[in-house]
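> Build me a model from this:
(2 chains)
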Amino acid sequence: MKEKILASLKRLNIEEYFINITSYKSAQMFFIKKSLDTKRAENTISYNVNVFRSFEKAGKQMKGNSSVYIYSGMTDDEIDAAINRAYLAASFVNNPTYELMDPTENKFVTMESDLNDYSLEDCCEKTAEALFAEDNRSDVFINSAEVFAYENKVQLISSTGIDSGYVKRYISGEFVAQCKEPQDVETYKDFRYYTLDTEALKDKVRKTLDYTLERAKATEAPKAGKYRVIISDSYVGEVLGYYPGRAHVGYIYAKYSDYKIGQNIQALDADGEAAEIKGDKVSMRLLPAEPISGEGIWYKEREFMKEGELKTYHGGLRFSRYLGIEPVGDYYRYKVEPGSMSVEDMKKKPYLWVVNFSDFQMDDFTGHFGGEIRLAFLFDGEKVTPVTGGSINGSILESQTNMYLSKETQREADFEGPYAMMFEDVPVAGI
Amino acid sequence: MKVKESEYLKQKKPVLKKLLAKLLDKYEYASILANDSKSVNYRVNKSGTNISEDSTLSERGFVVKVFDNAKAAEYSFNAIEENTIDDVLNEIVSRLNDLGNTLPKGVEAFKYSDIDEEELYINESTEYEVDPEEKGDNNIIELLTRISEKGRSYDERIIDCSVAFNYQKYSKMFISKKKDLTQNVMWSCGYIVTVAKEGEELQNGYKPVSMLGGIEVLDTLEEKLESACNVALDLLKAEPITPGEYECICEPDVTGMIVHEAFGHGVEMDMFVKDRAQAKEFIGKQVASELITMHDGACTIPQVATFFFDDEGVPAHDTIIIDKGILKTGICDDQSAKHLGVKPTGNGRRQDTSRKAYTRMTNTIFEAGSSKLEDMIASIKDGFLLCQASSGMEDPKNWGIQLMVDIAREIKDGKLTGKIYSPIVMTGYVPDLLKSISMISDKIEAGGTGYCGKGYKEWVKVSDGGPYIKARIRLG
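Next up, the predicted model:
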């Protein structure tokens, strides 16, 4: 099919293009309690062709593009028709011109992982085994689970000479823990690893079962008011993901964000003015999630923030070219330096530690974060009480100069950094 | 005009039938779902123009479902020719045999007892007025550009106005020993998102349109522009609300979010199978005000989740879930129905052929009542009109509400004061909210520009809506 697509592009005299060929293989298992309900396997391939067209409009040089999917079994005539339609559409896409990526180095990379040592079916089964290894308690149990093992094989071909690719494997899934007494409650958790990290998964299951037991005891919502709020686990990465979100070239070019390189972005208040940072200063690095971007940009680990100061934007080719900066690609994996306080230090004064939300939202647009509390531990200075209900309604713009990161760390597929973070005076809607 | 059947699926049908015959020689049950779907996104904002096929909704693919010794298994693929039928068959048998051989201690494969099916033939198409492909990309982009530029010049604080259109045209075919089903469907959506900025704060206004049909959906989009701009600007001066329980009126999109997120997910019966839904214990009991009748179904209303059969070959239904406040039934996919010993309701849906089918909502609504909106507002002494639903999360187990709306417009002594509060989190216990509904308006509005996930994945197109409702709601 690759040759058919290239021949079609030649027939149609299309000079600039980018082809992304991805084959997807997976093994999937779906469990209801201790019963395998369904098993699935997948073997598909996708051909995406992005065509570019240069033209002049109102005296300005433009470059439009449009993408189309080509499917196995298409005839030459069908491929020509599909690509030609995309090429015509590209002439209506009025974007200022920019240069496509030139190849810096053509190579095919298999991402290192112990998952490569097994078949996908074995990876799926070993993950399921780890998941159920902790499910041996009488008071709390795994209600249901889904386990997936994936292999994505990507090949990128461009008119500029790029011919590179990679093979990436990962496991992912989700599970629901349930406790029936003293009240019937559940906790949802998902997971994703680039290695066969069965110990991390077992730890996650164990903690989730523990928290679910605590939630079964929680009956009261916290009283409405302002609290020292601690969040932990994946919520830390979600909140800190605000900074890469606002430093994306799409936000910068559109002027949604005024972040400037060298500026202390953590010190900005809601009016965009600089304030003093009283809490921990954020230092963050961007990590590659795959070797090369869909536009042919090779990823590498990059310094993103140093003690609150922005070191680089990130994002795709077009907006980077418009801004006149080096295109580094879109990053969604982060590594954050641990902070100054241990979790025990955070818990020395009264706090509300939310360990599980029903749905946590971090809004890059407004800076608001929060969600409904599924389980939190409330320390009033004397005793710790599990609470449930009510909601957190924080704003990073109001909290970022006075937030603290834990010394303890966590490692997930797309976030490495503090296990917990703490904010002062966060509004909580409760009883 | 009726949406045409896919030539690709017509051409593949004989090949797939041969594969099916070979599968039926090996397995006690086999079916094949084939999908030929094209979806194109158009978007214009100040950053540029985009025309691209939607990577989630565009596909040509197949999924085989078998019951092997009463155990359920599936295989997804997207390439087959006359001369590769045996290769595909061998791959299916081999990959499915290799999976699940080593199960964790204490885990066994579930065996289904009732895998029979009834004879069924369907060949249906939905209708449209103007096919987006015939309208032409140039004309579509021209219209979106005009609206976007007008929005960006509305006020200097409006820093962007994104205007978008997308459609999906698909043909699906389901074949098994006793079923031969084909459907051809097209839906279309459009929306305006305005972005207003002051300091580091960004706010947005959102106005959507959606329908079962073609590009005629855009006929009413431009008239919503002013409102989208004003909402974003209003939000810049919004204040945080004092948490508490208030008399509220919900706009139809907020009603839709309550219908869908707060209650609808709780009656998805795959959750009954897992004992994850409180609704299972409430069948036949009052869960809402007597004013409330709730429907879900692919043939409930003509909207973006309308179809003729689901992804497991079950005909579309119009299911009455709540009848005058009493919970009558849930909605159910075929496999969950086998677990529960009930009839499926045509709600088995997949994101695409590489994904499993789950119980999913379709078009979900509350029926209209008899009140007038102005009378509803006049009846409130101290409360809010809740507008612009933004996000929600289900909690079938505990019927906890977590819904976010962008705007609460203050009502004092029966009149809107012009003061607004944001952001707003709606919390509480679902039956308490539904039982507190005391007035509902005489018209319903439904929309479906968004997608519904199962947990945090498995996105499918849904619509929801209803009338304006008046209820007591805890806001934060």
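> After the longest helix anywhere in chain A, which helix or strand is next?
Ranked by residue count, the top helix of chain A under DSSP state H comes out as helix A:198-217. Going down the chain from helix A:198-217, the next helix or strand is strand A:225-232, by DSSP states H and E.
> Could you confirm whether that following strand reaches chain B?
No. Residues of strand A:225-232 are not located near chain B by Cβ under 8 Å from any Cβ of the partner chain, the shortest gap being 9.0 Å. In this view, the C-beta of every residue, glycine as well, is placed from N, C-alpha and C.
> Now do the contacts for residue A:127.
A:147, A:149, A:171, A:173, A:196, A:198, A:201 (Cβ atoms under 8 Å, 6 or more residues apart in numbering or on different chains).
> Do me a favour and average the pLDDT over the strand or helix carrying it.
Secondary structure assignment for residue A:127, by DSSP H and E: helix A:120-133. Throughout helix A:120-133, pLDDT has a mean value of 96.
> mind checking which helix or strand of chain B has the lowest mean pLDDT?
Ranked by mean pLDDT, DSSP states H and E, the weakest helix or strand in chain B is strand B:424-429, scoring a mean of 86.
> any idea where the strands of the stretch 251-400 of chain B begin and end?
Counting by DSSP state E, counting those that start in this stretch, the stretch 251-400 of chain B has strands at residues B:294-297, B:319-323, B:326-327, B:348-349, B:358-359, B:363-366, B:382-393, B:400-412.
> Out of those strands, which one sits most buried?
Per-stretch averages of neighbours, counted by mean count of other Cβ atoms under 10 Å in any protein chain shown, single out strand B:363-366 among the strands of the stretch 251-400 of chain B, with a mean of 28.
> Residues in contact with that strand: which ones?
The contact list for strand B:363-366 (Cβ under 8 Å, 6+ apart) reads B:255-256, B:259-260, B:264, B:292-298, B:300-301, B:303-306, B:440, B:444, B:446, B:448, B:462-467, B:469.
> quick one: contacts for the residue nearest to residue A:126 when sequence neighbours are not counted?
If the residues on either side of it in the chain are set aside, residue A:126 comes closest to residue A:196, at 6.1 Å by Cβ to Cβ, 6 or more residues apart in numbering or on different chains. Applying Cβ under 8 Å, 6+ apart to residue A:196 gives the contacts A:113-115, A:118, A:123, A:126-127, A:171.
> can you check residue B:196 too?
With Cβ under 8 Å, 6+ apart, residue B:196 has these contacts: B:155, B:157-159, B:202-205, B:229, B:232-233, B:235-236.
> In strands, which of those residues fall?
B:158-159, B:202-205 (DSSP state E).
> Those also near chain A: which ones?
B:159, B:202-204.
> Pull the number of nearby residues for residue B:199.
By other Cβ atoms under 10 Å in any protein chain shown, 14 other residues sit near residue B:199.
> gap between it and chain A?
4 Å (Cβ to the nearest Cβ, to the nearest Å).
> Flag every buried residue along stretch A:81-96.
Buried residues in stretch A:81-96, counted by 16 or more other Cβ atoms under 10 Å in any protein chain shown: A:82-95.
> That one vs chain B: in contact?
Yes. Counting by Cβ under 8 Å from any Cβ, chain B is contacted by stretch A:81-96 at A:88-90, A:92-96.
> Just the C-alphas of that stretch, formatted as CSV.
Output of stretch A:81-96 as CSV, limited to C-alpha atoms (Å, rounded to 0.1, in the frame of the first residue of the first chain):
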residue,chain,number,x,y,z
ALA,A,81,-9.6,10.3,-5.9
ALA,A,82,-9.2,10.4,-2.1
ILE,A,83,-5.8,12.1,-2.2
ASN,A,84,-6.8,14.5,-4.9
ARG,A,85,-9.8,15.6,-2.9
ALA,A,86,-7.6,16.3,0.1
TYR,A,87,-5.2,18.2,-2.2
LEU,A,88,-8.1,20.4,-3.4
ALA,A,89,-9.3,20.9,0.2
ALA,A,90,-5.7,22.1,1.0
SER,A,91,-6.1,25.0,-1.4
PHE,A,92,-8.9,26.4,0.9
VAL,A,93,-6.8,26.1,4.0
ASN,A,94,-5.5,29.7,4.4
ASN,A,95,-2.5,29.3,6.6
PRO,A,96,0.6,31.4,6.2
